[in-house]
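[1] I need the structure of the sequence given here:
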Amino acid sequence: MPDAGARDTVHVSDIRRRKYQRLFDVLDVDGAGVLTEEGCVRIAGVFARASGHSTHGRDPEELEGTIQEIWRAYVRDGRPGHGARLTREDVPQEIAYDLAHNPDKVIRLIGSLSNVIFGMADADHDGRVRKEDAIRLGHAALTISHEEATKAWQRLDPHGTGHLDYETCLKAVTEFIVSEDPNAPGNWIFGRY
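    This is a model prediction of the structure:
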């Protein structure tokens, strides 16, 4: 009898696999090698400290709630019969499966991730992410070097404006999730992949 929770395996391109595994590395804040809801929610505190927000303020609580919503939609409720843990190898397969079979779910993920990233990086809540805030957040929360964070910023802000608006952030997250183009600027939102 087939497993009720079994899914078809889908092809994951090399570029997407590398990007999605980089996302895993960012979310695996405790270095356990598996993602759990509790471990992913800890990223709220990491981002809050890195962005200068208090860990008990509105923004970290909102971030924590968004991460829980994403986790519940993608892992707890979205993968019946698969348990509540994801390995580094599971993440690319799960995102690729949903790109192929549940594109609306992926659109919601992109919107949620964009809101979280932009909200935490927009330190003064003026609707723009400044270069220094993004580099500081990348270095502290994503554990990438200052040099790598600077390179990532240069890819995201090729015209040198010194800031990103929400639309640019949304485009970058979309590119990170769906693009096969190795030169897409959004591929760098979490640093080198």
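[2] what does the host helix or strand of Glu38 contact?
    Using DSSP states H and E, Glu38 maps to helix 37-51. With contact meaning Cβ atoms under 8 Å, 6 or more residues apart in numbering, helix 37-51 is reached by 26-30, 32, 53-55, 57, 59-61, 63-64, 67-68, 71-72, 75-76, 84, 120-121, 123, 133, 136-137, 139-141. Where C-beta positions appear, they are placed from N, C-alpha and C, glycine not excepted.
[3] Got a PyMOL select line for the buried ones in those residues?
    Restricted to buried positions by 16 or more other Cβ atoms under 10 Å, the PyMOL selection for these reads:
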select buried, resi 26+27+28+29+53+59+60+63+64+67+68+71+75+120+121+123+133+136+137+139+140+141
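[4] by contact count, what packs against the longest helix along the chain?
    In the chain, assigned by DSSP state H, the helix with the most residues is helix 103-121. Applying 3 or more Cβ pairs under 8 Å, 6 or more residues apart in numbering; DSSP states H and E, we find helix 103-121 packed against helix 37-51, helix 58-71, helix 90-101, helix 131-141, helix 166-178.
[5] Kindly reformat these as a markdown table containing distance to Glu147 and mean pLDDT.
    Output for the helices and strands packed on helix 103-121, formatted as a markdown table (distance: least, Cβ to Cβ, whole Å; pLDDT from 0 to 100):
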| stretch | distance to Glu147 | mean pLDDT |
| --- | --- | --- |
| helix 37-51 | 17 | 79 |
| helix 58-71 | 27 | 75 |
| helix 90-101 | 26 | 90 |
| helix 131-141 | 9 | 86 |
| helix 166-178 | 20 | 92 |
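[6] How about His146: what's its closest non-neighbour residue?
    Closest residue in space to His146, ignoring its immediate chain neighbours: His139 at 5.2 Å, by Cβ to Cβ, 6 or more residues apart in numbering.
[7] Now do that neighbour against Glu180, distance only.
    Using Cβ to Cβ, to the nearest Å, His139 is found at 28 Å from Glu180.
[8] now swap in Phe118 and tell me
    In terms of Cβ to Cβ, Phe118 sits 24 Å off from Glu180.
[9] Looking at those two, which is more packed in?
    Taking neighbours as other Cβ atoms under 10 Å, Phe118 and Glu180 compare with Phe118 leading, 21 against 11.
[10] can you give me how far stretch 91-109 is from the chain middle?
    13 Å (Cα atoms, centre = their mean, to the nearest Å).
[11] er, stretch 151-160 actually
    Distance, centroid of stretch 151-160 to centroid of chain: 18 Å (Cα atoms, centre = their mean).
[12] Mind checking the pLDDT average for that stretch?
    For stretch 151-160, the mean pLDDT works out to 92.
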